[in-house]
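Undergrad: model this:
(3 chains)
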Amino acid sequence: MLIHEDRLFLAEPGSRKIARALYEHVKALPIISPHGHTLASWFAKNEPFSDPAKLLVQPDHYVYRMLYSQGISLDDLEIGKAELQDARKVWRIFASYYYLFRGRPTRLWMDYVFQELFGLQERLSASTADQYFDSISEQLKKPEFLPRSLYGKFNLEVLATPDSPLDSLADHKAIRDSGWKARILPTFRPDSVVDPEFAGFQENIAKLGQQTGEDASTWNGYLNALRKERARFRALGCTATDHGHITAQTADLSLAQAEALFGAVLAGNADAFQQELFRAQMLTEMAAMSMDDGLVMQLHPGSSRNHNRKLFERYGRDVGADIPRPTNYVDALRPLLDRFGNEKMFTMILFTLDESTYSRELAPLAGHYPCLRLGPSWCFMTALKE
Amino acid sequence: MLIHEDRLFLAEPGSRKIARALYEHVKALPIISPHGHTLASWFAKNEPFSDPAKLLVQPDHYVYRMLYSQGISLDDLEIGKAELQDARKVWRIFASYYYLFRGRPTRLWMDYVFQELFGLQERLSASTADQYFDSISEQLKKPEFLPRSLYGKFNLEVLATPDSPLDSLADHKAIRDSGWKARILPTFRPDSVVDPEFAGFQENIAKLGQQTGEDASTWNGYLNALRKERARFRALGCTATDHGHITAQTADLSLAQAEALFGAVLAGNADAFQQELFRAQMLTEMAAMSMDDGLVMQLHPGSSRNHNRKLFERYGRDVGADIPRPTNYVDALRPLLDRFGNEKMFTMILFTLDESTYSRELAPLAGHYPCLRLGPSWCFMTALKE
Amino acid sequence: MLIHEDRLFLAEPGSRKIARALYEHVKALPIISPHGHTLASWFAKNEPFSDPAKLLVQPDHYVYRMLYSQGISLDDLEIGKAELQDARKVWRIFASYYYLFRGRPTRLWMDYVFQELFGLQERLSASTADQYFDSISEQLKKPEFLPRSLYGKFNLEVLATPDSPLDSLADHKAIRDSGWKARILPTFRPDSVVDPEFAGFQENIAKLGQQTGEDASTWNGYLNALRKERARFRALGCTATDHGHITAQTADLSLAQAEALFGAVLAGNADAFQQELFRAQMLTEMAAMSMDDGLVMQLHPGSSRNHNRKLFERYGRDVGADIPRPTNYVDALRPLLDRFGNEKMFTMILFTLDESTYSRELAPLAGHYPCLRLGPSWCFMTALKE
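TA: Numbers count the residues shown, from 1 in each chain, chains lettered A, B, ... in the order given. Presented below is the predicted three-dimensional model:
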């Protein structure tokens, strides 16, 4: 056995017995995933996954960064390439260093996949690498491993994927048009058009204007364009927005201030303070739009993105390392909460990478504002995993 | 049974056995409460409490904010009203939503009161609301539930209540004059006359001057007035002061600087920085007075008060939400500690709402300065409770 | 028995059994101590330690500060004196207050020494003080308690001591020349010549120039002098540098900026911001030198040194209290990591006194940069001990 059935429960027998009983109650419930790191195209095309390296290593920056930190070359792992030239070789490297994940969440999850999905029983290592590669590759060709089959097998009820306002949502439309009875929903993730530091921000705003027929070079036209895009997402089932800012800062500027600030960021004249202020103001604008259209806001601040400059420059945005940082919520959210904190029509889900904020700030905040809900610790998905 | 006798002990049997043995040693000890959230008037008048809604729901912002965060109207709970118009209705609302407190400290405490004081055994809910209301209301009329009886029943040895320097302390005098042998002591809580952001600060200073016959419009007269008020409190048994600042910042200005700053805050010309600096300076002044009169200083910083602007504007100061925040002690306390940190005559008790400071900063600080003592975590009373 | 054999293991029997099994695997391994708080002179001279007060109380600021915080005079403990006038009296004071250490790491360690090294079995107290003093003093005269004997008895494989670049390293040379087969290595700790706030900074720089024959009044000469000192240390086996800055701030200035900044700090014109910037720049310069000579960097930031001003003024630098503080690593290390973070030739070991940074920032940082390693929590050695 690769995994112990009680692996996530407390060791103390009395507590473990209670944990087991609680788990029995919930383990058959369907999964509602508001933040799934999957691609709508998987389900639109429903093509088989090719091999374990392409499926499990190449897209998972937690896996390959760990290897990188131990001195393994990202080039040898073919990171950043559209297709793998030698998937078996990549898999063999991963297998050889799999022992590094001992005691880490990544191994808990990988071993679960190996044992429960693929029926493997011997530990992954250099000597079992080929056996794993062949067995998994073969099984992935079977109909029960097609993306839509896995959606059913995993007992998913809803799966939301983050999508850019600039995305055509063609994959989501294809899923809907295919008649397949599954709830794969887009989530409105506007980073590319609300963060002045996002690559190509000005071009993104221009594209946003073209898409919507609005003059996005004006503050009012820009906001209208965002409203139209939210309506387009909602028409395909979207229920939420998703905001990955570096801080939780919000702002509540006057119309004149906001217009002037928008002019500065669009002209590329904004300094770091103004860029942050613009992101802050846009959170409040998104909340205002949520008051109208009912989309739930998800905010997960506190990650210093692309921290590793050399990796960022060589491999791009999602390889450059996300490092959690201390996060202030009490002062930062106040401008937004002053406007919408007591509105029953509005809901904001807060995530955190800074565990120390849970009992100190987040629980009290959620205990005082009807609009606030706390997400499960984002830490569990990132910091702990690394 | 509503509560488990080992509910606060570790689950592991060996550790639980030790916890029980330790508890046996202390459970019969009298309670010395330096910071009791009670009113001296209860004990001065010794009148019966009217009903459970007025006693347990209306004054407890942890209880009603939790209900508010779940969408229940504070108006329906009659929050902010001097008398309840329909106490039974308020109690029924509370009872209907009591399930929300499952797993929270509030339920531990409430269930303790229900079971141990009032002999109730069935869980509070919509269906038991009236039974609870009637039973508790009836028992509250009995002599053994009068405030002074409860003081004895709870085995209190000392109970200190926070009082403003502007308070006449008539209730404390009445207790003393009544000949009742109990130690109910006032604690000197000067927020209203040392915090320039406190409502009516200028008027409070003027009143302080009138009370004491000092010219409180001058720095020297103001300090003298505070000294006289401390003496007045001490004459009624006061042993401590209590300071609820938003930060732990202290300062040690020159006489000229302090005079000028006092002039600015009294004239209402002080900006946010100067207001904070004045609070900081006043902590050091209070320490200086403690060196003379021996009052112990209690400092509990780190709460962002009245965070919820709409609640604050509608219901006032104690309803507006206190949100804990990260708190710096190392730099903040230095000016005060530079002057008094090594004085054996001086004692300062530090509380914290930021648990992360305990092992990192507070234990080492207390381990280096003879004057410092650490209070039990204020968190237990607030953040955890919410 | 003074100590329980399982005293550091979990209480739950299943977990304890695993802990014991793991400990069995490692307990016979030799000790490699990269950061030993010992003096090379002990091993160079190999003279007997005189008595328990001089050995265990006088040099250990964690011990005597705890006593000081409880109101015991440092003068009575003869702190700061080169030789003790009345060692037995100092020991008696310590023994009388030893109960204060109940439940603290210091007692775990002291009791281990008393029981395992000196065979004592009754608890230290006022009534056993003389028995302890006599027994330990007598045993310390025996050959098996000479410093070199203890090195062997403790199964040390390597012991590194922090030394200033201004130190002659005569003791290290004497150890090497003595022919004794032990690895006692100097560690390059340059605080005195890279921190403008260090006492006598300008004189230290001048002395550095004289020692090396470089013109240390110029930026280039200063760097060359440091390179020469590192080479001198390496010739005596040094493998690492050690940096005890108050923050983890690093910088990467241009040559012109660095030269100008060096001029300002050397002239004594630098303000607090510039002093911090100079320390920050010097960490990056040390990293650059490590790229050349292979010395591992150890960084342990986050201690506010000499916090207690009166103790500092009366007793000097190592008595003035070190208070841990919150520490930022994510932004602070970025300039250095931008240059060297991906270099396989470079290794930096990070220590922390701020436990909250472990899972939030340090583990993710170490998981993204091949150069980073995490040291055991410095907390265990300081904050917890106090």
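
Undergrad: who in the stretch 151-300 of chain A is up against chain B?
TA: Within the stretch 151-300 of chain A, no position is near chain B by CB under 8 Å from any CB of the partner chain. Glycine gets a C-beta too; all of them are placed from N, C-alpha and C.

Undergrad: which residue does the stretch 151-300 of chain A bring closest to chain B?
TA: For the stretch 151-300 of chain A and chain B, the shortest gap (CB to the nearest CB) falls at A:D252, measuring 11.1 Å.

Undergrad: now that residue: how far from A:L283?
TA: 10 Å (CB to CB, to the nearest Å).

Undergrad: overlap in contacts, these two.
TA: A:L336 (CB atoms under 8 Å, 6 or more residues apart in numbering or on different chains).

Undergrad: the more surrounded of the two?
TA: A:L283 (27 against 20; other CB atoms under 10 Å in any protein chain shown).

Undergrad: would you confirm that the more buried one contacts A:G244?
TA: No - the pair A:L283 / A:G244 is not scored as a contact, 11.3 Å apart, by CB atoms under 8 Å.

Undergrad: overlap in contacts, those two.
TA: In contact with both A:L283 and A:G244: no residue, using CB under 8 Å, 6+ apart.

Undergrad: A:A280 - how many residues pack around it?
TA: 21.

Undergrad: which strands or helices does the lengthiest helix in chain A pack on?
TA: In chain A, taking DSSP state H as the definition, the longest helix is helix A:272-293. On a contact count with 3 or more CB pairs under 8 Å, 6 or more residues apart in numbering or on different chains; DSSP states H and E, helix A:272-293 meets helix A:191-194, helix A:219-235, strand A:240-243, helix A:255-267, strand A:296-299, helix A:334-340.

Undergrad: give me the contact list for the first one.
TA: Yep, that's helix A:191-194 we're talking about. With CB under 8 Å, 6+ apart, helix A:191-194 has contacts from A:164-166, A:198, A:200-201, A:204-205, A:208, A:226, A:243-244, A:278-279, A:282, A:286.

Undergrad: for PyMOL, write a command that selects the buried ones of the residues you listed.
TA: To isolate the buried members of these in PyMOL, using 16 or more other CB atoms under 10 Å in any protein chain shown:
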select buried, chain A and resi 164+165+201+204+205+208+226+243+244+278+279+282+286
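
Undergrad: and the longest helix of chain A, C-alpha only, in PDB?
TA: Extracted C-alpha coordinates of helix A:272-293, given in PDB (Å, rounded to 0.1, in the frame of the first residue of the first chain):
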ATOM      1  CA  ALA A 272       4.100  51.800  -8.000                       C
ATOM      2  CA  PHE A 273       1.900  53.600  -5.500                       C
ATOM      3  CA  GLN A 274      -0.700  54.500  -8.100                       C
ATOM      4  CA  GLN A 275      -0.600  51.000  -9.700                       C
ATOM      5  CA  GLU A 276      -1.400  49.600  -6.300                       C
ATOM      6  CA  LEU A 277      -4.100  52.200  -5.700                       C
ATOM      7  CA  PHE A 278      -5.700  51.300  -9.000                       C
ATOM      8  CA  ARG A 279      -5.800  47.600  -8.200                       C
ATOM      9  CA  ALA A 280      -7.300  48.700  -4.800                       C
ATOM     10  CA  GLN A 281     -10.000  50.800  -6.500                       C
ATOM     11  CA  MET A 282     -10.800  48.000  -9.000                       C
ATOM     12  CA  LEU A 283     -11.600  45.600  -6.100                       C
ATOM     13  CA  THR A 284     -14.200  48.100  -4.900                       C
ATOM     14  CA  GLU A 285     -15.500  48.600  -8.400                       C
ATOM     15  CA  MET A 286     -15.900  44.800  -8.800                       C
ATOM     16  CA  ALA A 287     -17.800  44.700  -5.500                       C
ATOM     17  CA  ALA A 288     -20.100  47.500  -6.800                       C
ATOM     18  CA  MET A 289     -20.700  45.400 -10.000                       C
ATOM     19  CA  SER A 290     -21.400  42.300  -7.800                       C
ATOM     20  CA  MET A 291     -24.100  44.300  -6.000                       C
ATOM     21  CA  ASP A 292     -25.800  44.500  -9.400                       C
ATOM     22  CA  ASP A 293     -25.200  41.100 -11.000                       C
END
